[in-house]
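In: I need the structure of the sequence given here:
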Amino acid sequence: MDDPSLLMLLGVLVLLLGLSAFFSGSETALMMLNRYRARHLAAHGHGGAARALALLERPDRLIGLILIGNNFVNNLLASIAAVVAVELGGVDGASVAIGASVITVLILVFGDVAPKTLAALHPERLAYPAAYVYTPLLTVTYPLVWAINVVAKGVLRMLRVRVEERGADALTREELRTVVLEAGTFIPKRHQKMLLNLLDLEKATVEDIMIPRSEVDGIDFEEPVEDILTFLRRTQYTRIPVWDGSIDNVIGILHVRDFMQAQMDEAEITKEILRGLLREPYFVPEGTRLTALLINLQRARQTVALVVDEYGDVLGLATFADLLEEIVGEFTTDPLDSISDVQPQPDGSFLVDGAASVRDLVRTMGWHLPTDGPKTLNGLILEQLEAIPETGTSLLIAGYPMEVLQVQDNAVRVAKIYPAQRRTAEGED
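Out: Okay, the predicted model is just below:
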């Protein structure tokens, strides 16, 4: 062991083993790098992240460079290990075999498994420093890397695989939803819920948030002007739809602020004056996605939209406030305050208006009702029974026992729901 040449060979073995660990670990670290975090760091001036992203733009070149270096080092390790074995044990088969076995175990443990495991657990610790090494190294060895990649691509083409057709590094909506859910303590629960609601806007349509036409408060120009003025002075709304004879003949939207200003300027308010205050109504077709509605309202600088069907008949009214609630949640803390159509009863049941939105019941009451069908409780009951029910009819929807209490004008006006008695396939809530 005092032979200087032998000590030097052992030193070279240790150095080469370190290089093998570097190549193996850096490969795993770069491939497992969180590219979204890397883009964030690069945007804030992190040089290692910027270089790592540049290398990952052409993974074929990077992998080629790493494999060239790793194979060269490992082959050199095996050769020097054979020389050391001969120096220590002489020229016989046993010493060479033992040397090969020892160096194989060392490469496997210290040059492969251990560094790759460490890199998988902490990829950024190795990926960013390695990027500073690989960037100039790739420039120097580019001709060799290019030649090897040409041969490799030829083999892949024979297998009908094209490197240029690799998938785009993008997240789907469901994958992004999973990322938000797994953010944990990094995102406050309320903000997390808002982000999830924003992602779910694509699934919902304007019919999910609109006020049905039967519940739209507005002004009919065929009514006496005195009744119109009384309504305007008492209304709690700021924008009122105005129609002439029927809600299907909307002629404009009246802003109460404009009416109050006209009262100050005019001695007497007439229908002609009111007509001059009307603003152009904004219409959207049924089935419009809430994401599209949000963009369209912003572009048109509108806060109220009338929903129409394919025949041009008005189905209801959608407001920007209703759309905002889909993102930030209800503006009240008590669920029963946010749904005035739900009245709790002493026996644990609830009286629910037939016009209540199914989505509102699911979101605020926590009931597991189907939301991919009818939009109202009345529609849900009619779809289930396939007929207009009589008072006292009982049924089961999504495991919830329900009783029809009032039917009027071919629609369920009031139903009683027993959520505490809900039955599921497993027999428990």
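In: drop to CA atoms for contacts and neighbour counts, all remaining ones
Out: OK.
In: which regions of the chain sit below the pLDDT cut-off?
Out: 1-4, 89-93, 96, 162-171, 184-186, 330-340, 424-429 (pLDDT under 70).
In: The longest helix seen in it: which residues count as buried?
Out: The longest helix of the chain (DSSP state H) is helix 59-89. Judged by neighbour count (16 or more other Cα atoms under 10 Å), helix 59-89 contains these buried residues: 60-70, 73-74, 76-78, 80-86.
In: Where is the longest strand in this protein?
Out: Using DSSP state E, we find that the single longest strand of the chain is strand 400-408.
In: Contacts for that one next, please.
Out: With Cα atoms under 8 Å, 6 or more residues apart in numbering as the test, strand 400-408 has contacts from 389-396, 412-419, 421-423.
In: now swap in stretch 125-139 and tell me
Out: With Cα under 8 Å, 6+ apart, stretch 125-139 has contacts from 25-26, 29-30, 33, 48-49, 51-52, 55, 62, 65, 119, 145.
In: So residue 378, which state does it fall into?
Out: helix (DSSP: H, G, I helix; E, B strand; the rest coil).
In: distance of it from residue 387?
Out: Applying Cα to Cα, to the nearest Å, the value for residue 378 to residue 387 is 11 Å.
In: same check, this time on residue 408
Out: From residue 408 to residue 387 the distance is 14 Å (Cα to Cα).
In: next one: residue 418
Out: Applying Cα to Cα to residue 418 and residue 387 gives a distance of 22 Å.
In: and what of residue 225?
Out: From residue 225 across to residue 387, the span is 42 Å (Cα to Cα).
In: ok, residues contacting stretch 205-221?
Out: Outside stretch 205-221, the residues touching it (Cα under 8 Å, 6+ apart) are 228, 240-247, 271, 286-290, 293, 307, 314-319, 322-323, 357, 359, 375.
In: From residue 112, how far out is residue 80?
Out: Using Cα to Cα, residue 80 is found at 18 Å from residue 112.
In: Equivalent analysis for residue 206, please.
Out: 57 Å.
In: about what we covered before: could you tell me which of the contacts of stretch 205-221 belong to helices?
Out: 228, 271, 290, 293, 322-323, 359.
In: which of residue 418 and residue 387 has more neighbours?
Out: residue 418 (18 against 10; other Cα atoms under 10 Å).
In: The more buried one: what's its closest spatial neighbour, skipping adjacent residues?
Out: Closest residue to residue 418 apart from its sequence neighbours, by Cα to Cα, 6 or more residues apart in numbering: residue 349 at 4.6 Å.
In: which residues touch that neighbour?
Out: Contacts of residue 349 by Cα under 8 Å, 6+ apart are 416-420.
In: Mind doing that once more with 7 Å?
Out: Neighbouring residues of residue 349 by Cα atoms under 7 Å, 6 or more residues apart in numbering: 416-419.
In: I figured residue 413 was touching residue 354, is that so?
Out: Yes: with contact defined as Cα atoms under 7 Å, residue 413 counts as touching residue 354 (4.6 Å).
In: Compare neighbour counts for the two and give me the winner.
Out: Neighbour tally, residue 413 and residue 354, criterion other Cα under 10 Å: the higher count belongs to residue 354, 24 against 18.
In: State the distance from the more buried one to residue 412.
Out: Residue 354 sits 5 Å away from residue 412, going by Cα to Cα.
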